[in-house]
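> Provided below for reference: sequence and predicted model.
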Amino acid sequence: MAIAVVVLTVVAMAAGVWIGTGIGKRQVHGAADVHDILHHQLGLSPEQETKIAVIESKFAVDRKDLYMRMRAANLELAQALESERTYGDAAKTAISHFHEAMAKLQELTVVHILEMRAVLTPEQADTFDKTVRQALSADPP
């Protein structure tokens, strides 16, 4: 019985990591495209670069915090499955904690994109918008 619990815990942790990593990769890949366009193809002025650096710095801190919350929720789920050995209240709560952090990350990402967009000229914003649209509508890697 103990072996079954360990196996179930490992499977649950792996599933949580796999799901979280897939979401993260999609966001990181899209963000890489957006940031590549932003920093290498839009011809930002030094003033724009400075403003965007501040925006990116704040977002990096917030994003790291949310990734840590998702990781903590996965660990919470593993512990719940190990202790309850069923899809009980603790497991449901852990999943809810993961979803809350993931939703907050998506919200912050949208706000981050819009804050950077506000720094751009109308012409730069048009190119930026096309890149964001492509990143959001692309198939996962």
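Looks like it came in fine.
> Would you mark the buried spots in stretch 122-136?
Taking 16 or more other C-beta atoms under 10 Å as the basis for neighbour counts, the residues of stretch 122-136 that come out buried are Gln124, Ala125, Thr127, Phe128, Thr131, Val132, Ala135. For the C-beta atoms, the positions are set from N, CA and C on the backbone; glycine is no exception.
> got the contact list for it?
Under the criterion C-beta atoms under 8 Å, 6 or more residues apart in numbering, residues 29-31, 33-34, 37-38, 41-44, 113, 116-117, 120 lie in contact with stretch 122-136.
> between those, which has the most around it?
Neighbour count (other C-beta atoms under 10 Å) singles out Leu38 as the most crowded of the contacts of stretch 122-136, with 25 neighbours.
> Is it correct that that one is in contact with Met116?
Yes. The pair Leu38 and Met116 passes the contact test of C-beta atoms under 8 Å, sitting 6.5 Å apart.
> Give me the common contacts of these two.
With contacts taken as C-beta under 8 Å, 6+ apart, the residues that reach both Leu38 and Met116 are Ile52, Phe128.
> returning to what we had before: reformat the buried residues of stretch 122-136 as CSV; add pLDDT and secondary structure.
Rendered in CSV, the data for the buried residues of stretch 122-136 read as follows (pLDDT from 0 to 100; DSSP: H, G, I helix; E, B strand; the rest coil):
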residue, pLDDT, secondary structure
Gln124, 94, helix
Ala125, 94, helix
Thr127, 91, helix
Phe128, 91, helix
Thr131, 88, helix
Val132, 89, helix
Ala135, 85, helix
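> Could you measure from Thr111 over to Leu77?
Actually, residue 111 is Val rather than Thr. Counting by C-beta to C-beta, to the nearest Å, the gap from Val111 to Leu77 is 28 Å.
> actually Lys104, sorry about that
Taking C-beta to C-beta as the measure, Lys104 falls 18 Å from Leu77.
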